[in-house]
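Undergrad: quick one: sequence and predicted model below, then my questions.
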Amino acid sequence: MVGQRWPGRHGLSGLYALTPDTGDTAALVEKVAAALSGGASAVQYRNKSAPERLRYQQAAMLRRLCEEHQALFIVNDDLDLAAAVRADGVHLGGDDASLAEARSCLGDAAVIGASCYDSLARAAAAIASGADYIAFGSFYPSSVKPDAVRADVSLLSAARARWQVPLVAIGGITAANAAPLVAAGADAVAVISALFDALDTRAAAQTFTDLFVDGRHRVRERL
């Protein structure tokens, strides 16, 4: 059964590392280990192009790595893969399986997140269906998804005023532009390029993690 280590299902916060597509498993593991050493509290495995066997191998290795660091391990989209590697949960996009299907497949302890893009209505529906966290974005231009729907920072403030579930901000986030998102209510920032394209992934992760030290008060003092 998945999710055994986080039965409360509400601990997502800080740096949420989203893996890049790569067939180089050794490099991927090295980079993710560096991100975890720098303070990443969660890792989402995303690989849209690898064959099924490689995806399983990579996910299984990253799951063990996250367990060593006591970090959440989330699989993007794929319920079967999440179940196979005993991931802590799954992240669902608008065209993926329903939250009910995910809960039935992965169990009550699984952490299930939902992409809500720029829509509070979608967020409300996701929470009503049992989402453990909701993700908004893209807040900034993204090289990974250049055509992604853009969301305004005010969306986080509006969501924070309505709900207590963790809020994740995603899309073009860097150490230079993350602070307003945290100040507006984001409990976590989901990062790919600014983390895994950095020359020093551990240092980049630490910079993001520092935004959450002492909570949002530290961020607000900087603004």
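TA: Okay, I see it.
Undergrad: what about A190, which helix or strand?
TA: When elements are defined using DSSP states H and E, A190 is found to belong to strand 188-191.
Undergrad: typed the wrong thing, it's Y56
TA: Here Y56 is covered by helix 52-68, with elements defined by DSSP H and E.
Undergrad: avg pLDDT for that helix?
TA: Average pLDDT, helix 52-68: 97.
Undergrad: and that helix, what's buried?
TA: By neighbour count, and taking 16 or more other CB atoms under 10 Å as the criterion, the buried residues in helix 52-68 are 55-56, 58-63, 65-66. Glycine gets a C-beta too; all of them are placed from N, C-alpha and C.
Undergrad: again with stretch 189-207
TA: Under the neighbour-count criterion of 16+ other CB under 10 Å, stretch 189-207 has 189-192, 194-196, 198, 201-202, 204-207 buried.
Undergrad: and those, which two are furthest apart?
TA: Using CB to CB, these span at most 18.1 Å, a distance reached by A190 and R202.
Undergrad: one step back: so what touches the helix holding Y56?
TA: Outside helix 52-68, the residues within contact range by CB atoms under 8 Å, 6 or more residues apart in numbering are 5, 19, 23, 25, 28-29, 32-33, 36, 42-43, 45, 47, 50, 72-73, 75, 78, 81, 84-88.
Undergrad: show me those residues that map onto strands.
TA: Among those, the subset assigned to strands under DSSP state E consists of 42-43, 45, 72-73, 75.
Undergrad: can you redo those as CSV with distance to V153 and pLDDT?
TA: Output for the ones in strands among the contacts of helix 52-68, formatted as CSV (distance: CB to CB, whole Å; pLDDT from 0 to 100):
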residue, distance to V153, pLDDT
A42, 22, 97
V43, 25, 98
Y45, 28, 98
L72, 25, 97
F73, 29, 98
V75, 28, 98
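Undergrad: got phi/psi on I170?
TA: Summarising the backbone geometry of I170 under the convention degrees, to the nearest 10, its torsions are phi -140, psi 160.
Undergrad: what pLDDT does it get?
TA: 96.
Undergrad: with V149 instead?
TA: Checking the pLDDT column for V149, the value is 84.
Undergrad: for it, which non-adjacent residue is closest in space?
TA: Ranked by CB to CB, 6 or more residues apart in numbering and with sequence neighbours excluded, the top spatial neighbour of V149 is Y117, at 4.7 Å.
Undergrad: which strand residues bridge the residue nearest the centre of the chain?
TA: Nearest to the mean C-alpha position of the chain, counting by CA atoms, centre = their mean, stands Y16 at 4.3 Å. Here Y16 sits in beta bridges with A42, A190, as judged by DSSP bridges.
Undergrad: if anything else comes up later, I'll come back, but that's it for now.
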